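**Q** I need the structure of the sequence given here:
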Amino acid sequence: MRILFTTRGSAGHVLPLAPFAHAALRAGHEVLVAAQRQHAGNVERAGLPFAPFGEPPPEQWMPLLGQFRQMDLDAANAAMIGEYFARMDTAAALPGLRAIVEDLRPDVIVRECWEFGSTLVAELHGIPIVRVALGLASLEELTIDLAAPALDDARADLGLPADPAGDRLRETPYFSAIPEPLEDPAVTAPRLTQRFRHGAPADPPPLPDWWHGNDDPFVYVTFGSVSAGTHLPYFPALYRAAIDALAPLPVRVLLTIGDQRDLGELGPLPPNVHVEKWVPQDAVAPHAAAIVGHGGHGTTLGALAHGIPQVVVPLFSGDQWVNAAAVARAGAGVALDAERATRPVLAVPGLDAMAALGAAVRRVLSEPSHRRDAERIAAAMRALPPTDAAVDALAAISSAARRAPAGTRARP
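**A** Predicted coordinates for the structure are as follows:
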């Protein structure tokens, strides 16, 4: 098979796709990952072949970012998904995506759920398409509702049938690494859901002795790959607040900040706090007694895969708040999400939220139920079929599309 994977390309969007792409490569299939040109490094670091498509120019999206600062979470989430991802990104991506598809002629396309141009190109060429979850089923349902109007405008421009409610998006197969016990029981999973685990956690290397013989419980702190970016307000204030909240505890702290900023901006560090720009999460997470994160998809699932309880401080994206609530609902940690209705979407968490961080970490360290529930979720993840099984599912989807009567497929 020739399989095209499509993604916006930022690290948190590439990582959920990467295990499926590597599984297809292991099975001997031809794989190509298409993403925004600016994110080539993220795809290449994942060890995957890359093809670029366009992204909106800064003069188009920067004013939208300025507007976000005045919005609450729900309004900003609607604008981000509906206007930025579904409208701006899609318009910029379509020319490149169409050229990639016409050259590769894939048997199936696999997209992450916040990349939408491929849904239109797949329909134009009659190619089956599969979506990979970036979060819970509740987030996917909200995403379709928010994206459908912009995509319907694009469909009209391309001469495709109208789909104002996003029903064509809903009727595509849906691959997820979220185990059922983590899902919101009030939300029905997409009809064509298949769940897979992203490999078994390997034995990690020893943790470096950054703390010179200190053997207190280890707490790993990460706010994801983009939170320290210069276009966001969180660095160094949020990172320094986390240091100051955790340093008084009898713990060893590792904080990662990403590649864009200088460690010196954080000021003097307490002896029990060590800072790195980046570490492989799977190399350090298994050693942790607790993980402090922002509710990103990779951080949240990575911690749960190792059975590690979390304290979640959601920041700027709606999925982070959904994931924080899911962790707390499952008993696998504490969500510091009391500001959901009051904090502007790009504001730094308030003094009360950061003051509560130390107590929340003490709680997950001292109450065994959090570790037990995190391990329960980890066991549910291990019970899922491996990602390699998804390759057979993709082959079946491609084969079924080839056998379908011509009148039931999208027009070529």
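
**Q** can you give me the helices for the stretch 301-412 of the chain?
**A** 318-329, 351-366, 368-382, 388-403 (DSSP state H, counting those that start in this stretch).

**Q** pick the most deeply packed of those.
**A** Mean neighbour count (mean count of other CB atoms under 10 Å) peaks for helix 318-329 among the helices of the stretch 301-412 of the chain, with a mean of 23. Yep, even glycine has a C-beta here, placed from its N, CA and C like the rest.

**Q** correct me if wrong: Phe68 contacts Ala79.
**A** Yes: assessed by CB atoms under 8 Å, Phe68 is found in contact with Ala79 at 6.8 Å.

**Q** rewinding a little: mean pLDDT and distance to Val101 added to the helices of the stretch 301-412 of the chain, as JSON lines?
**A** Rendered in JSON lines, the data for the helices of the stretch 301-412 of the chain read as follows (pLDDT from 0 to 100; distance: least, CB to CB, whole Å):
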{"stretch": "helix 318-329", "mean pLDDT": "95", "distance to Val101": "28"}
{"stretch": "helix 351-366", "mean pLDDT": "95", "distance to Val101": "45"}
{"stretch": "helix 368-382", "mean pLDDT": "97", "distance to Val101": "33"}
{"stretch": "helix 388-403", "mean pLDDT": "93", "distance to Val101": "14"}
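
**Q** between those, which one is nearest to Val275?
**A** Closest approach to Val275 among these (CB to CB): helix 351-366, 16.5 Å.

**Q** and that closest one, what does it pack onto?
**A** When contacts are defined as 3 or more CB pairs under 8 Å, 6 or more residues apart in numbering; DSSP states H and E, helix 351-366 packs onto helix 237-246, strand 290-293, strand 310-312, strand 333-335, helix 368-382.

**Q** between helix 368-382 and it, find me the angle.
**A** 80 degrees (axes from the mean of the first three to the mean of the last three CA atoms, to 10 degrees).

**Q** could you check how far helix 351-366 is from the centre of its chain?
**A** Taking the mean of its C-alpha atoms, helix 351-366 sits 25 Å from the chain's own mean (CA atoms, centre = their mean, to the nearest Å).

**Q** and the contacts of that helix?
**A** Contact with helix 351-366 is made by 217, 219, 238, 241-242, 245-246, 248-249, 251, 289-290, 292, 309-311, 313, 333-334, 336, 338-339, 370-371, as judged by CB atoms under 8 Å, 6 or more residues apart in numbering.

**Q** which of these count as buried?
**A** 219, 238, 241-242, 245-246, 249, 251, 289-290, 292, 309-311, 313, 333-334, 336, 339, 370-371 (16 or more other CB atoms under 10 Å).

**Q** quick one, domains of the chain?
**A** Segmentation of the chain into domains, based on automatic domain parsing, reads 2-196+384-408, 218-381.

**Q** can you add distance to Ala202 and give those domains back as TSV?
**A** Converted to TSV, those look like this (distance: least, CB to CB, whole Å):
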stretch	distance to Ala202
domain 2-196+384-408	13
domain 218-381	7
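
**Q** looking at those domains, spot the one closest to Pro204.
**A** Comparing the domains of the chain by CB to CB, domain 218-381 comes nearest, at 4.5 Å.

**Q** neighbours of the residue lying closest to Asn214 once chain neighbours are set aside, how many?
**A** Spatially, and ignoring its direct neighbours in sequence, Asn214 is nearest to Arg252 (5.5 Å; CB to CB, 6 or more residues apart in numbering). By the criterion of other CB atoms under 10 Å, Arg252 has 24 neighbours.

**Q** just Glu59 next, same as before
**A** 7.

**Q** in JSON lines, list the helices and strands packed on helix 351-366 along with distance to Pro208.
**A** Below are the helices and strands packed on helix 351-366 laid out as JSON lines (distance: least, CB to CB, whole Å):
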{"stretch": "helix 237-246", "distance to Pro208": "19"}
{"stretch": "strand 290-293", "distance to Pro208": "17"}
{"stretch": "strand 310-312", "distance to Pro208": "22"}
{"stretch": "strand 333-335", "distance to Pro208": "25"}
{"stretch": "helix 368-382", "distance to Pro208": "24"}
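
**Q** nearest to Val279, of these?
**A** Ranking the helices and strands packed on helix 351-366 by their distance to Val279 (criterion: CB to CB) puts strand 290-293 first, at 12.4 Å.

**Q** show me where the stretch 51-200 of the chain has its strands.
**A** Using DSSP state E, counting those that start in this stretch, the strands of the stretch 51-200 of the chain run over 108-112, 129-132, 174-176, 193-195.

**Q** and the ones you listed: which comes nearest Glu276?
**A** Minimum separation from Glu276 across these (CB to CB) falls at strand 108-112, 27.2 Å.

**Q** and the closest one, which strands flank it?
**A** strand 2-6 (parallel), strand 129-132 (parallel) (DSSP bridges).

**Q** distance to Gly302 and mean neighbour count added to those strands, as JSON lines?
**A** Converted to JSON lines, the strands paired with strand 108-112 look like this (distance: least, CB to CB, whole Å; neighbours: other CB atoms under 10 Å):
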{"stretch": "strand 2-6", "distance to Gly302": "20", "mean neighbour count": "25"}
{"stretch": "strand 129-132", "distance to Gly302": "16", "mean neighbour count": "25"}
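
**Q** in TSV: those, plus distance to Leu73 and mean pLDDT.
**A** TSV is the format used below for the strands paired with strand 108-112 (distance: least, CB to CB, whole Å; pLDDT from 0 to 100):
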stretch	distance to Leu73	mean pLDDT
strand 2-6	27	98
strand 129-132	24	98
